[in-house]
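Chemist: This is the structure alone, sequence omitted:
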């Protein structure tokens with residue numbers, strides 16, 4: 001739970017959480033966006049902050065679980081995607097002032113990849129029998 005605290009999240013930031021499920025850090029990021037909006041900028045809680053978290057997970061079941069968890073927060077500041085983070089597509093938007101497509105740039109990126117449990121091999125020697133390079 002430390003990474004979000006070290007990111008200096010502000011209420012206008014666009015944050016990409018690459019491996020978001022189950023959603024604890026994602027929820028924390030959303031709370032930091034709201035906290036900055038209310039406590040630092042002294043805005044009312046009836047006003048929606050401009051910041052957004054794009055929460056991604058490659059596994060469809062985990063992405064579904066993430067969606068379920070985030071529904072409890074009742075916020076409009078999240079987009080949940082289901083894509084391999086290493087192949088995540090460039091997102092673009094139309095800049096109406098310039099008239100061209102502009103590539104989305106993130107203010108913060110969180111990449112807390114799923115654990116491979118390599119350290120568990122020391123504690124559970126039976127894991128060696130099934131281990132392969134794919135598990136690394």
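Modeler: Great, that's in hand. This is a predicted model, so every value here is computed, not measured.

Chemist: Show the end-to-end separation of stretch 5-25, please.
Modeler: 10 Å (C-alpha to C-alpha, to the nearest Å).

Chemist: in the chain, which helix or strand is least confident?
Modeler: Using mean pLDDT, DSSP states H and E, helix 120-123 stands out as the lowest-scoring helix or strand of the chain, at a mean of 70.

Chemist: helix or strand right after that helix?
Modeler: With elements assigned by DSSP states H and E, the helix or strand that comes after helix 120-123 is helix 127-130.

Chemist: Packing partners of that next one?
Modeler: Where contact means 3 or more C-beta pairs under 8 Å, 6 or more residues apart in numbering; DSSP states H and E, helix 127-130 is packed against helix 120-123. Backbone N, C-alpha and C define where each C-beta goes, glycine included.

Chemist: In contact with the residue nearest the centre of the chain, which residues?
Modeler: Centroid check for the chain by C-alpha atoms, centre = their mean gives residue 17 as the closest residue, at 2.1 Å. Listed by C-beta atoms under 8 Å, 6 or more residues apart in numbering, the contact set of residue 17 reads 25, 26, 29, 53, 54, 55, 56, 110.
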